[in-house]
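Q: How does the following fold in three dimensions:
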Amino acid sequence: MESSLSSTSHFRSISLPSRLTDPSCTMIHTKINELNEFGNLQVVTTQTIQSSLVRLAELYVCVDELVRSPQTQQALLRHQNGTLVEDALEGSIELLDSCSTLKDLLKFTKEHVQILQSAIRRKGGDTTLVSQIAAYLSFRKKAKKSVIKCLGSLKRLEKKMGSFLFLDVDHHVSMVVKVLQEVNAIAISLLKSLLVFVSNKTKPTNGVQLLSKLVSMSTSRHDKNQTFMNELETVDFDLMSLHRNAHKGDTKNVDVQMTLRRLFILDASLEGFEAGLDCLFRRLIQSRASLLNIVAC
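A: As a prediction, this is how the structure comes out:
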């Protein structure tokens, strides 16, 4: 079973210079177009988001090949004594930190979900169930604080990237910098969409735009069904209801099996996100290592 949502936004596409024949440049252009196609879909599923994470990781492999080419390394080092590389390294730290935060949030959320699944299946006493649901809800509140902090960091990085100007650079450097900016912008958007999923926030918080360019939260005014991005919110609602009734020693009026099914769906979604995020995290580390090697030369 998959949840879905409407999508009306898309990634910015890049136009690489036509006279470049570097195979990695051609592949980068192709993969960015593929991600644009996902962003243009009217309905985006859980599987689509997971696939986008993997495709973004593959995109970073192509970018890494471009960065490690001798022509690129020499050009970047020549420009302002390597300041472009230093700027790229600073941005890579922010992306890795955000990715790491998301990995932890998904991991701990999944652990709590599995504990709750086990508790409901065992049909234990209401006291035990109340305690475990309370622990989950307490974790969810703490998770939202981490999300807001992480979104703030990504917003600052996004603003910094948008205000960055580079003058007196050769054609190759200009192209490489543009590629790095565009790919990192896609990464920021995708990470923001996952942070929205973890936080359940459907509106901006403290001036931070929570909606990603890959996945829009907009839905038809005639469609009031739950969408993928508030799937966690649905589980939270079910658990709060179950918590109230279990605290009173009466769970008869709560559809426990429906809650269990929704926890199962959420567990599967979280597992898919973890796998995709792990893949992306490894590629981000490799990308940073390649930039560090340029500085070390």
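
Q: CA atoms for contacts and neighbours, from now on please.
A: Will do.

Q: Can I get the helix or strand that contains Asp236 in CSV, CA atoms only?
A: Using DSSP states H and E, Asp236 falls within helix 231-247. Coordinates of each C-alpha in helix 231-247 appear next as CSV, following Å, rounded to 0.1, in the frame of the first residue of the first chain:
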residue,chain,number,x,y,z
GLU,A,231,1.4,9.9,7.2
LEU,A,232,3.3,10.3,10.5
GLU,A,233,0.7,12.7,11.7
THR,A,234,-2.0,10.2,11.1
VAL,A,235,-0.1,7.6,13.2
ASP,A,236,0.5,10.3,15.9
PHE,A,237,-3.2,11.0,16.0
ASP,A,238,-4.1,7.3,16.2
LEU,A,239,-1.6,6.8,19.1
MET,A,240,-2.8,9.8,21.0
SER,A,241,-6.4,8.4,20.8
LEU,A,242,-5.1,4.9,21.9
HIS,A,243,-3.1,6.5,24.7
ARG,A,244,-6.2,8.3,26.1
ASN,A,245,-8.3,5.2,26.0
ALA,A,246,-5.6,2.8,27.3
HIS,A,247,-5.0,5.3,30.2
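
Q: and it, how far from the chain's centre?
A: Centroid separation for helix 231-247 versus its chain: 25 Å, with CA atoms, centre = their mean, to the nearest Å.

Q: for the record, mean pLDDT for the very next helix or strand once past that helix?
A: Sequence order places helix 256-296 as the next helix or strand after helix 231-247, per DSSP H and E. Helix 256-296 shows a mean pLDDT of 91.

Q: and what of stretch 232-245?
A: 85.

Q: The helix holding Asp236 to helix 256-296, inter-axis angle?
A: 140 degrees (axes from the mean of the first three to the mean of the last three CA atoms, to 10 degrees).

Q: start at 462 instead
A: Done: numbering now begins at 462, and the last item shifts to helix 692-708.

Q: And helix 692-708, what's buried?
A: 692-697, 699-704, 706-708 (16 or more other CA atoms under 10 Å).

Q: Then stretch 557-565?
A: With burial defined by 16+ other CA under 10 Å, the residues of stretch 557-565 counted as buried are 557, 559-560, 562-564.

Q: what about Lys602, which SS state?
A: Classification of Lys602 using DSSP: H, G, I helix; E, B strand; the rest coil returns helix.

Q: Apart from its neighbours in sequence, what residue is nearest Val638?
A: Leaving aside its chain neighbours, Val638 sits nearest to Leu545 (8.0 Å; criterion: CA to CA, 6 or more residues apart in numbering).
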